[in-house]
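Novice: Just to be clear, the model below is a prediction. Sequence and coordinates:
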Amino acid sequence: MTALLEIKQNIKRFYGQYEVYILPVLKFVLAFAYFLWINSNMGYMKQLDNIFVVLILALVCSILPVSVMMFLGFALMIGHCYAVGIETAGFMLLLILLMLILFLRFSRSQNLAMILTPLSFGFGVPALMPIGAGLLGSALSALPAGCGVVIYYFIRFVHAQSAALSDPAAEITEKLKLISDGLVHNWAMWITVIAFVVVILFVNLLRTRAFDYAWRIAVIAGGVIYILVILAGDFCLSITVAMVPMILSTVISVLAGFVLEFFVFGGDYSRTERLEYEDDEYYYYVKAVPKASVATSERSIKKINAEPVKEEKKEVKVVSFSDDVFPEKNEMHTVKMPDMVSENTVSEKPQGLDKIDFEKQLEESLKDL
């Protein structure tokens, strides 16, 4: 456990130092995977189904907000649908406009879930999206997640009925009826939308509670609820669901949710403190959960130079007063002390002191004795 905490702290420190470089790289990888998924599942327009087009669009998205990635994805979808038929492109455009007007304009900060939802299906772990959105996002993330499910199933429907939709002999009304029936009567899509919305709301509700291990309980509850909702749709609406792969993918999603909880939250409930405060108007009951951390030793290398340090002699600057400044002192450039000095100054030596023979006077005084 200590080693995992050290890895977590090192990753957070590394991300904090190089965030300005890491964030564009992550956005580039996400946009590249998203656009590549669209081309691999549609790919009807050869001009757009090009790796260089995907690279250019991903580079543009790496320096722009996430909403640009979502709109470029919509443009790719409409372009591929136009290659199938103008009716399909028109229906796709109408569907996107309804989503933007009715749902996506209320959840601008959570619209990343719109991009991640088709990718979760593409990687075979659809339950990871609602569990992760409930942990890391808010309740509003249920709106773009539900729209992402609709987009995913619509792309699957176009892929399955591309031959009939691209038939020039078929009438426009027949194509529109086929598309509308395939979307409205797709009960697997609607039960998946309900499962995503319920799981996101329930996980977010449990995650924000104050009881111990709320995040872990929310992850487990989200996986269980996802399985139960899919099973209920299987029994009530006669939807054919591969149970074993669905349960296996949900278990993998729950394990991935535990990893998210460790790296994002990681609270140490063994050291929980409950505090109480009060002021003139309120009482405050606070539950403080410290973050699980470990002290990491930082190594510092000090370089010792073996060469002796050369002592530099300081030159004493002697200030002399030029004759031009003081013309009255031509012989000596010294300052004469004044006659009257303060008590802290040393008095001058008498001029006749050097001429007195102290030894001779001492001998005369001894003879008198």
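Specialist: The structure has been received and is ready for your questions.

Novice: which stretches of the stretch 101-250 of the chain form helices?
Specialist: Along the stretch 101-250 of the chain, the stretches classed as helices by DSSP state H, counting those that start in this stretch are 112-122, 128-136, 142-160, 162-165, 172-184, 187-207, 214-236, 243-264.

Novice: which strands and helices sit next to the third one?
Specialist: Using 3 or more CB pairs under 8 Å, 6 or more residues apart in numbering; DSSP states H and E as the contact criterion, the neighbours of helix 142-160 among helices and strands are helix 19-41, helix 66-84, helix 86-102, helix 112-122, helix 128-136, helix 172-184, helix 187-207. All C-beta atoms are positioned from the backbone trio N, CA, C, and that covers glycine.

Novice: Would you mind saying which of the helices of the stretch 101-250 of the chain lies nearest Q9?
Specialist: For Q9, the closest of the helices of the stretch 101-250 of the chain is helix 243-264, at 10.5 Å, according to CB to CB.

Novice: Now the element after the closest one, going C-ward?
Specialist: strand 273-278 (DSSP states H and E).

Novice: Any chance you could list what contacts that following strand?
Specialist: Residues from elsewhere that reach strand 273-278, judged by CB atoms under 8 Å, 6 or more residues apart in numbering: 283-288, 290.

Novice: cutoff 10 Å now
Specialist: 210, 283-290 (CB atoms under 10 Å, 6 or more residues apart in numbering).

Novice: rewinding a little: just the helices and strands packed on helix 142-160: most buried one?
Specialist: helix 128-136 (a mean of 26; mean count of other CB atoms under 10 Å).

Novice: Figure out how far it is from the centre of its chain.
Specialist: 16 Å (CA atoms, centre = their mean, to the nearest Å).

Novice: and the angle from it to helix 112-122?
Specialist: 140 degrees (axes from the mean of the first three to the mean of the last three CA atoms, to 10 degrees).

Novice: so how many other residues sit close to the closest residue to L95 other than its chain neighbours?
Specialist: Spatial nearest neighbour of L95, excluding adjacent residues (CB to CB, 6 or more residues apart in numbering): F154 at 6.8 Å. Neighbour count for F154, taken as other CB atoms under 10 Å: 22.

Novice: what about F154, distance to A292?
Specialist: Plainly put, F154 is 43 Å away from A292 if you go by CB to CB, to the nearest Å.

Novice: before we move on, what about F52?
Specialist: Taking CB to CB, one finds F52 at 46 Å from A292.

Novice: Could you check how far M99 is from V254?
Specialist: M99 is 29 Å from V254, by CB to CB.

Novice: out of F52 and A292, which sits in the busier spot?
Specialist: A292 (18 against 7).

Novice: So that one is in contact with E6, correct?
Specialist: No - with contacts defined as CB atoms under 10 Å, A292 does not count as touching E6, sitting 11.4 Å away.
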